[in-house]
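Asks: Got a sequence here, can you build the structure:
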Amino acid sequence: MNLENLTGVKDLLIGFEREMAALYLDGKINGPAHFSSGNEIPLIKIFRGLREGDYEYSSRIDLSPEGIKALQESGQIEVHDSINSSRPIFKGVKSNDWVFGSYRNHLQALLHDVPRDWLKTNILQGRSMEVVHPDYKIFTTGIVGGQLPIAVGYAMALKRKGSLDHVWAFCGDMAAETGIFEETTKYAQNFNLPVTFVVEYNGMSVDTPTERVWNGISPLRRSNTVRYFYANKVPHQGVGKEVGF
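Replies: Numbers count the residues shown, from 1 in each chain. From the prediction side, this is the model:
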């Protein structure tokens with residue numbers, strides 16, 4: 001994919017999700033599936049590498065409802081104040097890097113050049129949540145936060161081997177409130193491991209508003225973590241209708 005063509009890549013990602021949603025409605029996908037809509041541009045920017053205007057520092061972020069809406073519309077990514085231009089987030093996700101994600105992973109897989117046909121077959125076989133392939137350097141799981149310690153372990157292995165490759169760990173906003181997120185981000189930063197955590201904030205955990213549960217939006221605590229805000233335009237799981245398979 002030519003990630004410089006934001007609109008073209010966005011259309012490809014949307015087209016894939018719509019095709020999968022149609023197959024789900026037809027009962028062709030033999031298992032649960034989680035789709036994405038509204039976060040294409042921030043993801044493309046992260047995989048391409050952030051440029052001037054793509055991001056904003058935490059101290060300048062307005063976390064009011066109006067501020068969050070503006071971030072959703074602009075597609076800007078929040079970065080920690082202590083981050084510097086040498087960080088991988090400004091260089092993008094390389095082909096040799098590993099991507100670790102959650103059950104909502106189709107867009108990340110496509111942006112990491114996982115073959116479209118292979119991904120489609122995997123989804124049709126009921127493994128939408130488990131996109132795992134060593135050749136494509138991707139690992140996702142349906143266990144909330146389950147990918148994070150594995151990502152850290154792999155990052156430690158890369159460091160011990162002296163590898164220049166990097167690990168990218170994607171998770172949702174409610175997963176970012178769990179203890180395992182705090183432990184993995186802290187451990188990775190304290191031991192200077194080659195991993196970047198990406199929090200995908202849509203404000204919901206299934207049907208539970210994250211901000212209401214925690215009485216606010218937690219600050220971005222570490223330079224190894226970035227966050228983007230988006231309004232998911234599709235149901236948390238499935239397509240909003242009961243489907244037999």
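
Asks: could you pull out the strands for the chain?
Replies: 55-57, 77-79, 98-101, 138-140, 167-172, 195-201, 204-205, 208-209, 225-229 (DSSP state E).

Asks: For the fourth one, the averaged confidence score.
Replies: By that I understand strand 138-140. The average pLDDT for strand 138-140 rounds to 98.

Asks: Show me what that strand is packed against.
Replies: strand 98-101, helix 106-111, helix 147-161 (3 or more C-beta pairs under 8 Å, 6 or more residues apart in numbering; DSSP states H and E). Placement of C-beta: from N, CA and C, glycine included.

Asks: in it, what counts as buried?
Replies: The neighbour-count check on strand 138-140 (16 or more other C-beta atoms under 10 Å) flags 138-140 as buried.

Asks: Kindly reformat those residues as a markdown table containing distance to Thr184.
Replies: Shown next, in a markdown table, are those (distance: C-beta to C-beta, whole Å):
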| residue | distance to Thr184 |
| --- | --- |
| Ile138 | 18 |
| Phe139 | 14 |
| Thr140 | 16 |
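
Asks: what about this structure, any weak spots by pLDDT?
Replies: Counting by pLDDT under 70, the chain has low-confidence residues at 235-245.

Asks: Any idea which residue is closest to the centre of it?
Replies: Phe170 (3.8 Å; C-alpha atoms, centre = their mean).

Asks: quick one on the thing from earlier: can I get the strands of the chain in CSV including distance to Lys186?
Replies: CSV is the format used below for the strands of the chain (distance: least, C-beta to C-beta, whole Å):
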stretch, distance to Lys186
strand 55-57, 21
strand 77-79, 18
strand 98-101, 17
strand 138-140, 21
strand 167-172, 13
strand 195-201, 11
strand 204-205, 22
strand 208-209, 25
strand 225-229, 10
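
Asks: Serialize the helices and strands packed on strand 138-140 to CSV and add fields for mean neighbour count and distance to Gly49.
Replies: Below are the helices and strands packed on strand 138-140 laid out as CSV (neighbours: other C-beta atoms under 10 Å; distance: least, C-beta to C-beta, whole Å):
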stretch, mean neighbour count, distance to Gly49
strand 98-101, 26, 15
helix 106-111, 24, 12
helix 147-161, 18, 19
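
Asks: In CSV, list these along with distance to Asn232.
Replies: Formatted as CSV, those follow (distance: least, C-beta to C-beta, whole Å):
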stretch, distance to Asn232
strand 98-101, 15
helix 106-111, 12
helix 147-161, 19
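
Asks: Of these, which is nearest Asp62?
Replies: helix 106-111 (26.3 Å; C-beta to C-beta).

Asks: Show me what that closest one is packed up against.
Replies: helix 6-25, helix 40-48, strand 98-101, helix 116-124, strand 138-140.

Asks: what's the first one in contact with?
Replies: Helix 6-25 is touched from outside by 1-3, 29, 33, 35-37, 40-41, 43-45, 106-107, 110-111, 116, 119-120, 123-124, 128, 234, 238-239, 241, 243, with contacts defined as C-beta atoms under 8 Å, 6 or more residues apart in numbering.

Asks: List the buried residues in that helix.
Replies: 9-10, 12-13, 16-17, 20-21, 24.

Asks: picking up where we left off before, wait, which of the helices and strands packed on strand 138-140 is closest to His133?
Replies: Among these, if distance is taken as C-beta to C-beta, the winner is helix 106-111, at 9.1 Å.

Asks: what distance separates the closest one from the centre of its chain?
Replies: Here helix 106-111 is found 9 Å from its chain centre; the criterion is C-alpha atoms, centre = their mean, to the nearest Å.

Asks: Export that helix to PDB, keeping only CA atoms.
Replies: Output in PDB follows, covering the C-alpha atoms of helix 106-111 (Å, rounded to 0.1, in the frame of the first residue of the first chain):
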ATOM      1  CA  HIS A 106      -8.500  -6.200  10.400                       C
ATOM      2  CA  LEU A 107      -7.200  -2.700   9.600                       C
ATOM      3  CA  GLN A 108      -3.900  -3.200  11.400                       C
ATOM      4  CA  ALA A 109      -3.400  -6.500   9.600                       C
ATOM      5  CA  LEU A 110      -4.000  -4.900   6.100                       C
ATOM      6  CA  LEU A 111      -1.700  -1.900   6.900                       C
END
